[in-house]
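K.L.:
generate coordinates for the sequence data below:
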Amino acid sequence: MVKIRLARIGRTHRPAYRIVVSDSRRIPNSVALAQLGSFDPIANTCTINEEEALKWLNEGAIPSDSVKTLLTKQGIYKKYVDGKLAAKKANKEAK
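P.N.:
Numbering: from 1, shown residues only. Next comes the predicted model:
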């Protein structure tokens, strides 16, 4: 199963995280399939590559709870859900 999760890269008492796509069967610090962005909880800054995030979400990657919160704050998760609903509606109309 492919998951989108946080990988810690910060030093002691200065946490920083990468938002990565990785296989859930591997340990969190293993090699990631892709890096989508970063999150700094101290400065409260978050950068996410929107195109890559939407691509991985559409391919079935499951975000962790903390990443889902970050995606929601950036407005990316809403775009993903809206696209999914639009596709479902188009599929029903095609039948």
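
K.L.:
where do the strands of this protein begin and end?
P.N.:
Assigned by DSSP state E, the chain shows strands spanning 2-8, 17-23, 34-40, 45-48, 62-63.

K.L.:
most packed of these?
P.N.:
Mean neighbours per residue, mean count of other Cβ atoms under 10 Å, is largest over the strands of the chain for strand 17-23, with a mean of 20. From N, CA and C alone the C-beta is placed, and that goes for glycine too.

K.L.:
walk me through which strands that one pairs with, and which way each runs.
P.N.:
Using DSSP bridges, the strands paired with strand 17-23 are strand 2-8 (antiparallel), strand 34-40 (antiparallel).

K.L.:
so the nearest residue to A61 once chain neighbours are set aside bridges to which residues?
P.N.:
Leaving aside its chain neighbours, A61 sits nearest to V2 (4.5 Å; criterion: Cβ to Cβ, 6 or more residues apart in numbering). Per DSSP bridges, the residues bridged to V2 are D23.

K.L.:
list the residues that contact V2.
P.N.:
By Cβ atoms under 8 Å, 6 or more residues apart in numbering, the contact list for V2 reads V21, S22, D23, S24, L33, W56, E59, G60, A61, I62.

K.L.:
quick one: residues contacting the nearest residue to the last one once chain neighbours are set aside.
P.N.:
Spatial nearest neighbour of I62, chain neighbours left out: K3 (5.3 Å); criterion: Cβ to Cβ, 6+ apart. For K3, the contacting residues are V21, S22, D23, S24, A61, I62, P63, S64, taking Cβ under 8 Å, 6+ apart as the criterion.
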